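Student: build me a model from this:
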Amino acid sequence: MANEDLGRTLRRLRRLASLTQEELAERADVCVDVVRQLEQGRKHSARLPTLHALANGLGVELTTLLGDPPAVASTGESDGPRFVAVRRAIMPVLRGPEPTPPADGFSPERLRERIAEGWTRYHEAEFDTVMAALPELITDARSATVADGDDERAAGFAALGKALQLAGHVAVRMGKTDLALTSLERAADAAGHSGDPLLLPMIVNSMAWTYQRQGRLEDALAVALRAAADVADGGLDGTADGLKVWGALTMSAATSAARSGDYARAAAMMETAEKQAARVSKLPDGGDNRMVSVFSPSSVRIERVRLAVQYGHPQDALALAEGARLSKDTPPSWRTWLLLDVARAHTDMGDAAGAVKTLESLRRVAPAWTRHHTLAVAIVRDLWTLPHHPPGLRPLAEFLGVTE
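Tutor: The predicted structure follows:
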């Protein structure tokens, strides 16, 4: 769990910024009662647009306001030896030795498989496992970029791009968004030497997500829309892989639009994306799904649920969730997010029993993730303040330490 609840963090950051509650409310364009209720502990959570507005008003990243993200170990030490090794792999020592060609017996196919496995572990929220593997993956991919033969080198650059993209995602999960952008910029440079026209837009999508985490919503929207247009204009959406990349960029743009307050535009984008997602299975089969953007009817529906609940439409969120049919390729992390969003929607609708039932399911499928996620803790705290606790709430509250 985060070391501080939202209210204490908000009060501490507000005082560091030398702002009164009224001044922060004016800067963030939120009601001053929201600031007061959060700081006084009468309210333990808020919708994402409100949190974004408060973070912007304080001049901090959203992750700073929310506390440690789910990837941070329970010790709270996000700069432990493993992460230092990842940082060194992303940014080798200045004027250090050049990469050496791969040794005899090196297999580009095996390297690609290891990177794909890293993405699988990432989507399963096994961040410690991914961090342990990343330094060697990045080093081996750099070696592959100086292999003999043009095709081998191009494959090496493609591997390096995907490994650095993965490192960027892990850095975001650790709350290190500036390092993430450094890794993604280097991934984009590698993509330019790979000969893979889809690799760069995939990396741009990761950049857009990182900009979102920094509160740079206009930048996130602009780069996602531009990259999606490039994919479509280049005819790359005529394959399954190309359509997945286009779809992921469109969903990212929709998220940025919603977080900027334009929910109607975001909803329209998501409806278009869901219709296009139905085409994926009808197009020529692509490559390894683990190396391509997550985009399917299931993933779009999950994202539509997320946007609806986060932007004040809980009834729509529950209706969308009820009609969701998750495909076998839906990553576990997306399934856990769906359950968390459904729990939040039940809470917003005043259905405490429904929220508890959903959180119980979430605890069964992802106990460590649930225990550490600040939003899950905030929901249970809100429920704990109710005069009448629904069945099952106490075990959840004790599991999350809310009763302390």
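Student: buried sites along stretch 193-209?
Tutor: 193-194, 196, 198-209 (16 or more other C-beta atoms under 10 Å). Using the backbone N, CA and C atoms, a C-beta is placed for each residue, glycine as well.
Student: nearest to Q21 among the residues you listed?
Tutor: When those are ranked by distance to Q21 (C-beta to C-beta), W209 comes first, at 31.6 Å.
Student: so that closest one is in which element?
Tutor: Taking DSSP states H and E as the definition, one finds W209 inside helix 199-213.
Student: also W334?
Tutor: Per DSSP H and E: W334 is located in helix 332-348.
Student: could you check how far Y122 is from T64?
Tutor: From Y122 across to T64, the span is 23 Å (C-beta to C-beta, to the nearest Å).
Student: who has more neighbours, the two?
Tutor: Comparing Y122 with T64 by other C-beta atoms under 10 Å, the one with more neighbours is Y122, at 22 against 13.
Student: now stretch 273-289, how far from the chain's geometric center?
Tutor: Averaging C-alpha positions (C-alpha atoms, centre = their mean, to the nearest Å) puts stretch 273-289 22 Å from its chain's average.
Student: do the same with stretch 190-200
Tutor: Using C-alpha atoms, centre = their mean, the offset of stretch 190-200 from its chain centre is 23 Å.
Student: with stretch 19-26 instead?
Tutor: 30 Å.
Student: okay, that stretch in CSV with CA atoms only?
Tutor: Listed next in CSV are the C-alpha coordinates belonging to stretch 19-26 (Å, rounded to 0.1, in the frame of the first residue of the first chain):
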residue,chain,number,x,y,z
LEU,A,19,-1.2,27.3,-1.2
THR,A,20,-4.3,27.6,0.9
GLN,A,21,-7.1,25.2,0.2
GLU,A,22,-9.0,28.0,-1.6
GLU,A,23,-6.0,28.8,-3.8
LEU,A,24,-5.5,25.2,-4.7
ALA,A,25,-9.2,24.8,-5.5
GLU,A,26,-9.0,27.9,-7.8
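Student: tell me the buried residues in it?
Tutor: Here stretch 19-26 shows L19, Q21, L24, A25 as buried, counting by 16+ other C-beta under 10 Å.
Student: these into JSON lines, with extra columns for distance to A159, pLDDT and secondary structure?
Tutor: Shown next, in JSON lines, are those (distance: C-beta to C-beta, whole Å; pLDDT from 0 to 100; DSSP: H, G, I helix; E, B strand; the rest coil):
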{"residue": "L19", "distance to A159": "47", "pLDDT": "92", "secondary structure": "coil"}
{"residue": "Q21", "distance to A159": "51", "pLDDT": "96", "secondary structure": "helix"}
{"residue": "L24", "distance to A159": "46", "pLDDT": "95", "secondary structure": "helix"}
{"residue": "A25", "distance to A159": "49", "pLDDT": "95", "secondary structure": "helix"}
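Student: next, P331: phi, psi?
Tutor: Backbone torsions of P331, given as degrees, to the nearest 10, read phi -60, psi 140.
Student: who's in contact with it?
Tutor: H123, E124, V294 (C-beta atoms under 8 Å, 6 or more residues apart in numbering).
Student: check it and give its pLDDT.
Tutor: With respect to pLDDT, P331 has a value of 76.
Student: tell me which helix or strand in this protein has the weakest average pLDDT.
Tutor: Each helix and strand of the chain was given a mean pLDDT (mean pLDDT, DSSP states H and E); the minimum falls on helix 62-66 at a mean of 72.
Student: could you point out which element follows it?
Tutor: Using DSSP H and E, the helix or strand that follows helix 62-66 in sequence is helix 81-90.
Student: mind listing what's buried in the helix or strand just after that next one?
Tutor: The element immediately downstream of helix 81-90 (helix or strand, assigned by DSSP H and E) is helix 108-123. Neighbour-count burial for helix 108-123 flags P108, L111, R112, R114, I115, A116, G118, W119, T120, R121, Y122, H123 (criterion: 16+ other C-beta under 10 Å).
Student: stretch 30-49 too?
Tutor: Across stretch 30-49, burial judged by 16+ other C-beta under 10 Å covers V30, V34, V35, L38, E39, K43, H44, S45, A46, L48, P49.
Student: so who does the residue located most distally from the centre of the chain touch?
Tutor: In terms of distance from the mean C-alpha position of the chain, D104 ranks first, at 38.0 Å (C-alpha atoms, centre = their mean). If a contact means C-beta under 8 Å, 6+ apart, then D104 has no contacts.
Student: check M202 too.
Tutor: M202 makes contacts with Q165, V245, A248, V292, S293, as judged by C-beta under 8 Å, 6+ apart.
Student: one more time with 10 Å
Tutor: Contacts for M202 (C-beta atoms under 10 Å, 6 or more residues apart in numbering) come out as 161-162, 165, 187-188, 191, 196, 227, 231, 241, 244-245, 248-249, 291-293.
Student: any of these buried? List them.
Tutor: Here, 16+ other C-beta under 10 Å leaves 161-162, 165, 187-188, 191, 196, 227, 231, 241, 244-245, 248-249, 291-293 buried among those.
Student: break this protein into its domains for me.
Tutor: By the assignment in automatic domain parsing, the chain contains the domains 6-65, 75-196, 198-295.
Student: gap between L134 and E152?
Tutor: 22 Å.
Student: which of these two has more neighbours?
Tutor: With neighbours defined as other C-beta under 10 Å, L134 and E152 compare such that L134 has more, 26 against 16.
Student: confirm for me that that one is in contact with G118.
Tutor: Yes. If you go by C-beta atoms under 10 Å, L134 and G118 touch, sitting 7.0 Å apart.
Student: common neighbours of those two, please.
Tutor: Going by C-beta under 10 Å, 6+ apart, residues that sit against L134 and also against G118 are A163, L166, A167, V170.
Student: same for the next helix or strand after the helix holding W209, what does it pack against?
Tutor: The helix or strand immediately downstream of helix 199-213 is helix 217-233, counting by DSSP H and E. Packing partners of helix 217-233 (3 or more C-beta pairs under 10 Å, 6 or more residues apart in numbering; DSSP states H and E): helix 199-213, helix 240-259, helix 263-277.
Student: and the second one with helix 263-277, angle?
Tutor: Here the directions of helix 240-259 and helix 263-277 differ by 170 degrees (axes from the mean of the first three to the mean of the last three C-alpha atoms, to 10 degrees).
Student: averaged pLDDT, helix 240-259. What do you get?
Tutor: Per-residue pLDDT over helix 240-259 has a mean of 92.
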